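# dropping the sequence and predicted coords here.
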Amino acid sequence: MSTETLRAWLDERIGLQYLIELARKKDVPLHRHTIWYYFGGMTLFLFVVQVVTGILLLLYYRPSAENAFESVQFIMTDVEFGWLIRSIHSWSANLMIATLMIHMFSAYFLKAYRRPRELTWMSGVLLLGLALAFGFSGYLLPWNKLAFFATKVGTDIAGDLPVIGPFLLRFLRGGDDVTGATLTRFFGFHVAILPALTTFVLALHLLLVQKHGMSVPPSLTSHNLPRMKFFPNFFLRDLIGWILAVGVLAALAALFPWQLGEKADPFAPAPAGIKPEWYFLFMFQTLKLLPGRILFIEGEVIGILAFVIGGIVWLLVPFLDRPEENSRRTRWFTFAGIVLVIYIATMTIVGYLS
Amino acid sequence: MDDRTTLRRKLLHYLMGTSVGATLVAIFYPILKFMIPPPTSEATQNSVVAGKVTDLVPNSGKIFKFGNKPGLLIRTASGEFKAFSAVCTHLDCIVQYRPDMKIIWCACHNGQYNLSGQNIAGPPPRPLTQYTVNLRGDDIIVTKG
Ligand code: FES
């Protein structure tokens, strides 16, 4: 069969011509903020790395309190390139959250969430939540001491929420304590429920991005911007970024292989220096700084509630900052964003040093 | 449309709506219930043998199992035995005895309790639950309450 007939055959069945048309139409505006357009694609690429390495790890991992630690040890020492696959999975998770944060804050400061992209923003915030849930559930799976106590602390914090707290605690732990049941449950979240939800929300997010095209920052909308074809020009640039990412990942994995630590023992004292992953550190540090009691409520509860409310406000940003209204308000949102970034950065650093 | 048709249509809408609703409830209620773990039977035992007197030199501590929870058994510098729940009242970490400081210490966030279980420094909001200790021959018996 010649390529022509193959093409015609496919076109008749899946509307190839339509897809080609779509790819041909897509282009990217060029201006001084263009650099920020790379981070969404970068996040997507790292997500694909997560899917591939995650599936590979599944071939050897055993999700039970008796076997989990040993199976990860087996992956690290006996399976060929096992150390590499596991290290890449861990490092890529961290890099992915980092690029996701950059992508999100650039969308925020360039006000890419404005009409008609409200749902794109909201699906993006949901994806952030899913990424954090992936991080939290995946952290426990090697069943080492640090992970065990981090999960105890993390789920206990969730349990402090008023009304739904006790339910949430038992739901997350699969009982009253962190046990093998928790491990099995987190495994289920990590490899089945979260991937299913993420596939759905991610598809929606990408579909919306295709539908609306690239957003142009408000300060530049009046200009006649030059544009670059997405296919193949901009895509090739994306590709360079991805190759760089592979290089960085390989270097990190080789130079700083992810440690396994000691096996968790539910009947041993906590080791010193329990800290959550860096992307939870700013929240954790905030909770630590709050006084034990504010008026008659526990300080911790107030902190947790503040974070929940903050998350909801963040989700609803497109509806709160509307361009029709005076630009004072808009500038206020930019200012609040800067304060937030500084706050997160300081708290993370303080958390690291303390 | 005459009144009878409108009425019939309304009735059909109502029946359809309620049956769809009921079906959804019938599907999701068991799913939701399934996801909540059944209550684990609390350790019914009220006392355990936490160890032997010879296990512990003065000024040391050890973790023992009280049902499915960890407990902390301490022999003070003066030779007295004390037992507490080892679950930190802050965020659930497991505490340990620090012979150098003669206190109970939680490594997670540097919580400190004195030898009566009172929270004296760091984030813990409440004292540790104390248990009663009895000696029966060489056995150390720890009892709740
Ligand atoms: S859990 Fe013990 S001090 Fe925080």
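Yep, that arrived.
# all contacts plus neighbour counts: C-alpha atoms, from now on.
Noted.
# ok, and the helix or strand in chain A with the lowest average confidence?
Across the helices and strands of chain A, mean pLDDT, DSSP states H and E gives its lowest value to strand A:293-294, namely a mean of 70.
# does whatever helix or strand comes next after that strand reach chain B?
Per DSSP states H and E, the first helix or strand lying C-terminal to strand A:293-294 is strand A:297-298. No - for a cut-off given as Cα under 8 Å from any Cα of the partner chain, strand A:297-298 has no contacts with chain B; the smallest distance is 9.0 Å.
# how far away from the center of its chain is strand A:297-298?
Computed by Cα atoms, centre = their mean, to the nearest Å, the separation of strand A:297-298 from the middle of its chain amounts to 31 Å.
# paired strands for that strand, with orientation please.
As defined by DSSP bridges, the strand partners of strand A:297-298 come to strand A:293-294 (antiparallel).
# who's in contact with the residue nearest the centre of chain A?
In chain A, the centroid-proximal residue (Cα atoms, centre = their mean) is A:Ala131; its distance is 3.2 Å. Residues in contact with A:Ala131, defined by Cα atoms under 8 Å, 6 or more residues apart in numbering or on different chains, are A:Ile97.
# what comes up buried for the helix or strand hosting it?
If you go by DSSP H and E, A:Ala131 is part of helix A:118-140. For helix A:118-140, the neighbour count (16 or more other Cα atoms under 10 Å in any protein chain shown) marks A:118-128, A:130-140 as buried.
# how about low-confidence regions in the chain?
Let's take chain A. A:1, A:292, A:295, A:324-326 (pLDDT under 70).
# was after chain B, sorry
Counting by pLDDT under 70, chain B contains low-confidence residues at B:1, B:41-44.
# which residues in chain B form helices?
Using DSSP state H, the helices found in chain B span residues B:3-35.
# near chain A, which residues of it are found?
Proximity of chain B to chain A, by Cα under 8 Å from any Cα, involves residues B:35-40, B:63-65, B:69-70, B:91-96, B:106-109, B:123, B:125.
# which ones among those residues map onto strands?
By the criterion of DSSP state E, membership of those in strands covers B:Ile63, B:Phe64, B:Lys65, B:Lys69, B:Pro70, B:Gln96, B:Cys106.
# ok, and the closest non-adjacent residue to B:Leu135?
Spatial nearest neighbour of B:Leu135, excluding adjacent residues (Cα to Cα, 6 or more residues apart in numbering or on different chains): B:Ile141 at 5.9 Å.
# tell me the contacts of that neighbour?
Shown in contact with B:Ile141 (Cα under 8 Å, 6+ apart): B:Ser47, B:Val48, B:Val49, B:Ala50, B:Gly51, B:Val133, B:Asn134, B:Leu135.
# can I get those in JSON lines including neighbour count?
Listed next are these as JSON lines, based on neighbours: other Cα atoms under 10 Å in any protein chain shown:
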{"residue": "B:Ser47", "neighbour count": "17"}
{"residue": "B:Val48", "neighbour count": "17"}
{"residue": "B:Val49", "neighbour count": "17"}
{"residue": "B:Ala50", "neighbour count": "22"}
{"residue": "B:Gly51", "neighbour count": "18"}
{"residue": "B:Val133", "neighbour count": "21"}
{"residue": "B:Asn134", "neighbour count": "14"}
{"residue": "B:Leu135", "neighbour count": "13"}
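# what residues does the stretch 201-350 of chain A have near the ligand?
On the criterion Cα under 6 Å from any ligand atom, the ligand has no neighbours in the stretch 201-350 of chain A.
# contact residues of the stretch 201-350 of chain A facing chain B?
A:Pro266, A:Phe267, A:Ala268, A:Pro269, A:Ala270, A:Pro271, A:Ala272, A:Gly273, A:Ile274, A:Lys288, A:Gly292.
# from A:Phe148, how far out is the first one?
I take that to be A:Pro266. From A:Pro266 across to A:Phe148, the span is 8 Å (Cα to Cα, to the nearest Å).
# more neighbours: the two, which one.
A:Phe148 (26 against 20; other Cα atoms under 10 Å in any protein chain shown).
# what helix or strand is that one on?
Per DSSP H and E: A:Phe148 is located in helix A:145-159.
# what does that helix contact?
Residues from elsewhere that reach helix A:145-159, judged by Cα under 8 Å, 6+ apart: A:136, A:139-141, A:165-169, A:172-173, A:177-178, A:261-265, A:270-271, A:274-276, A:304, B:91-93.
# these, buried ones only, as a PyMOL selection?
A single PyMOL command selects the buried members of the contacts of helix A:145-159 (16+ other Cα under 10 Å):
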select buried, (chain A and resi 136+139+140+141+165+168+169+172+173+177+178+263+264+270+271+274+275+276+304) or (chain B and resi 91+92+93)
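# what subset of the residues of chain B next to chain A is buried?
If we count by 16+ other Cα under 10 Å, the residues of chain B next to chain A have these buried: B:36, B:63-65, B:69-70, B:91-96, B:106-109, B:123, B:125.
# ok, what's across the strand from B:Phe84?
B:Leu72, B:Gln130.
# that one contacts B:Val133, doesn't it?
No - taking contacts as Cα atoms under 8 Å, B:Phe84 lies outside contact range of B:Val133: 9.6 Å.
# which residues touch residue 53?
Defaulting to chain A. Counting by Cα under 8 Å, 6+ apart, A:Thr53 touches A:Ile85, A:Arg86, A:Ile88, A:His89.
# wait, chain B
B:Asp138, B:Asp139, B:Ile140.
# can you pick the most crowded of those residues?
In terms of neighbours by other Cα under 10 Å, these top out with B:Ile140 at 21 neighbours.
# so what sits opposite it in the bridge?
For B:Ile140, the beta-bridge partners under DSSP bridges are B:Gly51, B:Leu135.
# ok, now how distant is it from chain A?
18 Å (Cα to the nearest Cα, to the nearest Å).
# quick check: that residue touching B:Val49?
Yes - in terms of Cα under 8 Å, B:Ile140 counts as a neighbour of B:Val49; the distance is 5.6 Å.
# can you add distance to A:Leu56 and secondary structure and give the contacts of A:Thr53 back as CSV?
Shown next, in CSV, are these (distance: Cα to Cα, whole Å; DSSP: H, G, I helix; E, B strand; the rest coil):
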residue, distance to A:Leu56, secondary structure
A:Ile85, 8, helix
A:Arg86, 9, helix
A:Ile88, 11, helix
A:His89, 10, helix
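# closest to A:Phe200 out of these?
Nearest to A:Phe200 out of the contacts of A:Thr53 is A:His89 (Cα to Cα; 21.9 Å).
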